[in-house]
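Student: Here you go, sequence then predicted model.
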Amino acid sequence: MVAMNVMNMMVPHEEQLLDFAGVGRWVNQCAEAHMRDLVSDAAITGAALVRHLDDARFACLRALRQLLRALDAERIVIGFISPDGAFLHEELAWAQGLAPCGESERVMSCAPFQDALQGWLDSNRPAACIGIDPGSVARHDTPCDYLLMVRGEGEAGARGLAVIAAQLRNPVDLEFAEAQAVSLLIAEYCRRRDQLKC
């Protein structure tokens, strides 16, 4: 029987905490990288389906469902921010649970977070994660802590700027590549939408 030197195996409590903190950071980094991959895959696959399937609305709703899962969002919509930045006009929506999904004519006021939204609209950033204050009246329309906005490619049209907006419990900072993938989905939706309206 081999005797074990227990004293040599003991690790100071502070070192254990440092080790656990390092593991926690590593796990978070892996989870974030996985989320980014899922977002890119969902958006690129969705854009291809919207382009090639006969039923563009079905294809876009499927893509929104996949993005909802990838972002761990409560609700996600594709629509247009009015030219004055005051409203978000929804067209398609997907949500968790028993909330209604599909075509949407809901109009959401952007007034409670107008400054943050306008700052993003005036920038060239493809995406922004806007915090929703717990006491804000925006909670009535957007019962979430953060609103992730991704803009479509190109200039705003007569209806305004095409966007995908996701209601989140935790902040998500999309990198340029993921935001561009989502922008591609928006562009394909707008292209097919214009064709269907003709």
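Tutor: Structure received.
Student: just the strands in this protein please.
Tutor: 75-81, 87-95, 102-103, 107-109, 127-131, 146-151, 161-168 (DSSP state E).
Student: buried ones in the fourth one?
Tutor: Which is strand 107-109. Met108 (16 or more other CB atoms under 10 Å). C-beta: built from backbone N, CA, C; applies to glycine.
Student: list the helices and strands it packs on?
Tutor: strand 87-95, helix 138-141 (3 or more CB pairs under 8 Å, 6 or more residues apart in numbering; DSSP states H and E).
Student: List the contacts of that strand.
Tutor: For strand 107-109, contacts defined as CB atoms under 8 Å, 6 or more residues apart in numbering pick out Ala86, Phe87, Leu88, His89, Glu90, Ala138, Asp141, Thr142.
Student: Between which two of these is the distance greatest?
Tutor: His89 and Ala138 (16.2 Å; CB to CB).
Student: can you pull the contacts of Val39?
Tutor: Contacts for Val39 (CB under 8 Å, 6+ apart) come out as Leu67, Ala70, Leu71, Leu174, Glu178, Ala181, Val182.
Student: What of Arg192?
Tutor: Counting by CB under 8 Å, 6+ apart, Arg192 has contacts Val50, Arg51, Ala56, Cys60.
Student: As TSV, those with distance to Arg106, neighbour count and pLDDT would be great.
Tutor: Formatted as TSV, the contacts of Arg192 follow (distance: CB to CB, whole Å; neighbours: other CB atoms under 10 Å; pLDDT from 0 to 100):
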residue	distance to Arg106	neighbour count	pLDDT
Val50	21	27	92
Arg51	26	16	89
Ala56	20	20	90
Cys60	16	26	96
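Student: any idea what sits nearest Arg106, other than its immediate chain neighbours?
Tutor: Spatial nearest neighbour of Arg106, excluding adjacent residues (CB to CB, 6 or more residues apart in numbering): Glu90 at 4.5 Å.
Student: Pull up the per-residue confidence for the one you found.
Tutor: If you check Glu90, the pLDDT there is 96.
Student: my read: Arg75 touches Leu68, true?
Tutor: Yes. Counting by CB atoms under 8 Å, Leu68 is a contact partner of Arg75 at 7.4 Å.
Student: where do the contact lists of these two overlap?
Tutor: Going by CB under 8 Å, 6+ apart, residues that sit against Arg75 and also against Leu68 are Trp94, Ala95, Gln96, Ala166.
Student: List buried residues within the residues you listed.
Tutor: Trp94, Ala95, Ala166.
Student: Could you report the separation of the closest residue in space to the first one that isn't next to it in sequence from Val172?
Tutor: Spelled out, that is Trp94. Leaving out its chain neighbours, the residue that sits closest to Trp94 by CB to CB, 6+ apart is Leu64, at 4.1 Å. Per CB to CB, to the nearest Å, Leu64 is found 15 Å from Val172.
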